[in-house]
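*Asks:* no sequence on hand, only this structure:
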């Protein structure tokens, strides 16, 4: 299984929260559709909105992920990748969404690449959520194999915490 870059995992979860917040409770699909349509319109006319989640939000429901294995492989690196290859792995049936994706792909290919992968991971969470992206896991990964100096192992250096006289503290 491909290793998902932690920033893509984070962005994907943020996208899910953003979609849920926009839908609201109970879900207001008209409002959601209006927000998506507005964003697509802005991106299609070339408005410079340099936000991975907003572009993902706008296009997530309109993109067909034509090469899931390739997109999963490209999710290992957040900071650099081949935007042209990633753009070739998706398509949009909706004309406005297709224009928005093409416009962003030409003006800001890195934004398009990141947004496509983020939307793909959001829409295909079962393909990658088995991996542990918890804060603890990310910290372990960051820290490497070194043991955290602040953690005490039971039985070590804790005798001084207890009064040696027991309950006779009068």
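*Replies:* Thanks, I have it. Since the structure is predicted, the reported quantities are computational estimates derived from the model, not experimental observations.

*Asks:* shaky segments in the chain?
*Replies:* 1-2, 127-170 (pLDDT under 70).

*Asks:* just the strands in the protein please.
*Replies:* Secondary structure of the chain by DSSP state E: the strands cover 63-65, 90-92.

*Asks:* which helix runs longest in this protein?
*Replies:* Longest helix in the chain, counting residues (DSSP state H): helix 6-23.

*Asks:* in that one, what counts as buried?
*Replies:* Neighbour-count burial for helix 6-23 flags 6, 8-9, 11-16, 18-19 (criterion: 16 or more other C-beta atoms under 10 Å). All C-beta spots, glycine's among them, are computed from the backbone N, C-alpha and C.

*Asks:* could you do stretch 52-63 as well?
*Replies:* For stretch 52-63, by 16+ other C-beta under 10 Å, it's 52-60, 62-63.

*Asks:* which residues touch it?
*Replies:* 11, 14-15, 18-19, 22, 35-36, 39-40, 43, 49, 90-94, 97-98, 100-101, 104, 111-112, 114-116, 118-120, 122-123 (C-beta atoms under 8 Å, 6 or more residues apart in numbering).

*Asks:* just the buried ones from those?
*Replies:* Taking 16+ other C-beta under 10 Å as the criterion, what is buried in the contacts of stretch 52-63 is 11, 14-15, 18-19, 35-36, 39-40, 43, 90, 92, 97-98, 100-101, 104, 111-112, 114-116, 118-120, 122-123.

*Asks:* which ones among these map onto helices?
*Replies:* The helices, defined by DSSP H, take in 11, 14-15, 18-19, 35-36, 39-40, 43, 97-98, 100-101, 104, 111-112, 114-116, 118-120, 122-123 from the buried ones among the contacts of stretch 52-63.

*Asks:* how far away from the center of its chain is stretch 112-128?
*Replies:* 7 Å (C-alpha atoms, centre = their mean, to the nearest Å).

*Asks:* hmm, who's touching it?
*Replies:* Here stretch 112-128 makes contact (C-beta under 8 Å, 6+ apart) with 1-2, 4, 8-9, 11-12, 15-16, 19, 52-53, 55-56, 59-60, 63, 65, 68, 71-72, 74-75, 78, 81-83, 86-87, 89-90, 101, 104-105.

*Asks:* what about residue 91, distance to residue 81?
*Replies:* Separation of residue 91 from residue 81 (C-beta to C-beta, to the nearest Å) stands at 19 Å.

*Asks:* so who does the residue nearest to residue 87 when sequence neighbours are not counted touch?
*Replies:* Take residue 87 and drop its neighbours on the chain: the residue closest to it by C-beta to C-beta, 6 or more residues apart in numbering is residue 105, 4.9 Å away. The contact partners of residue 105, by C-beta under 8 Å, 6+ apart, come to 83, 87, 112.
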